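Asker: Model the structure of this input:
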Amino acid sequence: PTMKLALLFLVIVLLTIPFVDAATMKKKKKGTHPPPAPPSGGGNYYGLACGQVKKYWRKDRPRSYHLEVDMEPVLDLDNGANYTAFEANVNVKSRDESAMLVARMRNITDSTILNKLSGPNGLKKVTKEQGVYYSDFLVASDFAPMEEDPLIDMLEQIIDASNRVCFFGQVYHDSPNAAGIHDIHELIGMPGYGDGAFFAENSQGQYEGVFCHFSSQPFGLNLN
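Answerer: Have a look, this model is predicted:
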């Protein structure tokens, strides 16, 4: 009887193996397709985006307060991708209710800053040395607290008078044709990054800049 039971068990095992293999193969077949390729130029990095503004709008969401600036199609100068949807999200209020401290520079003449903005329109990855550090051209006393509404009004006035805008910040990609830039403020604790900043060129060819940091993040601590 023991031998018969052993043989019966062996037959059952042999009969189930093809079905197990078939199920396994089916599952493997489902997973053989490679994951979607990352968006062109994908990944997050410190970058500079320059171009013309298409429209802008206030984007207030829980714990996220921005002026979203939608730009005309932006060319990726690093890989040739064309982003037909490109947005810049400028912080206008802090998440933790700390004060938003703002500095505005009119008619910038500092050649170091102007040289960083002198390239063609488009998006490109930059090193922290190619970017901006607030502490290179600003001091803490240049900043003053601004509430959300006055800050938005100021940004909109600058944009309306601009022929060209530029943003330093963190670049992100939503899809091969859609990308954006955010963290347009002093950046602390992000290795390889300079600071985020907004610049606008008017019809006379003069640049001005808007620079922000939060009162919860003391000025000049960007040692990335």
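
Asker: excluding its backbone neighbours, what's nearest residue 108?
Answerer: Nearest non-adjacent residue to residue 108, counting by CB to CB, 6 or more residues apart in numbering: residue 207, 4.4 Å away. Every C-beta, even on glycine, is put in place using the N, C-alpha and C of the backbone.

Asker: gap between the one you found and residue 162?
Answerer: Between residue 207 and residue 162 the distance is 10 Å, computed by CB to CB, to the nearest Å.

Asker: Show me what the lengthiest strand in the chain is packed up against.
Answerer: The residue-count maximum for a strand in the chain (DSSP state E) belongs to strand 162-175. Applying 3 or more CB pairs under 8 Å, 6 or more residues apart in numbering; DSSP states H and E, one finds that strand 162-175 contacts strand 45-51, strand 64-71, strand 85-91, strand 178-182, strand 197-202.

Asker: Go through those strands and name the closest to residue 120.
Answerer: The closest of these to residue 120 is strand 45-51. By CB to CB, the value is 7.7 Å.

Asker: and the closest one, what does it pack onto?
Answerer: Other elements packing on strand 45-51 under the criterion 3+ CB pairs under 8 Å, 6+ apart are strand 85-91, strand 122-125, strand 162-175.

Asker: what angle do the very next helix or strand once past it and strand 85-91 make?
Answerer: Counting by DSSP states H and E, the next helix or strand C-terminal to strand 45-51 is strand 53-61. Per axes from the mean of the first three to the mean of the last three CA atoms, to 10 degrees, the angle that strand 53-61 makes with strand 85-91 is 50 degrees.

Asker: Tell me which strands strand 53-61 pairs with, and in which orientation.
Answerer: Paired neighbours of strand 53-61 in the sheet (DSSP bridges): strand 64-71 (antiparallel).

Asker: any idea how far the following helix or strand past the strand it pairs with is from the chain center?
Answerer: Next helix or strand after strand 64-71 toward the C-terminus (DSSP H and E): strand 74-75. Relative to its chain's centre, strand 74-75 lies at 15 Å (CA atoms, centre = their mean, to the nearest Å).

Asker: And the contacts of strand 74-75?
Answerer: 49, 51, 81, 82, 83, 86, 121, 122, 123, 179 (CB atoms under 8 Å, 6 or more residues apart in numbering).
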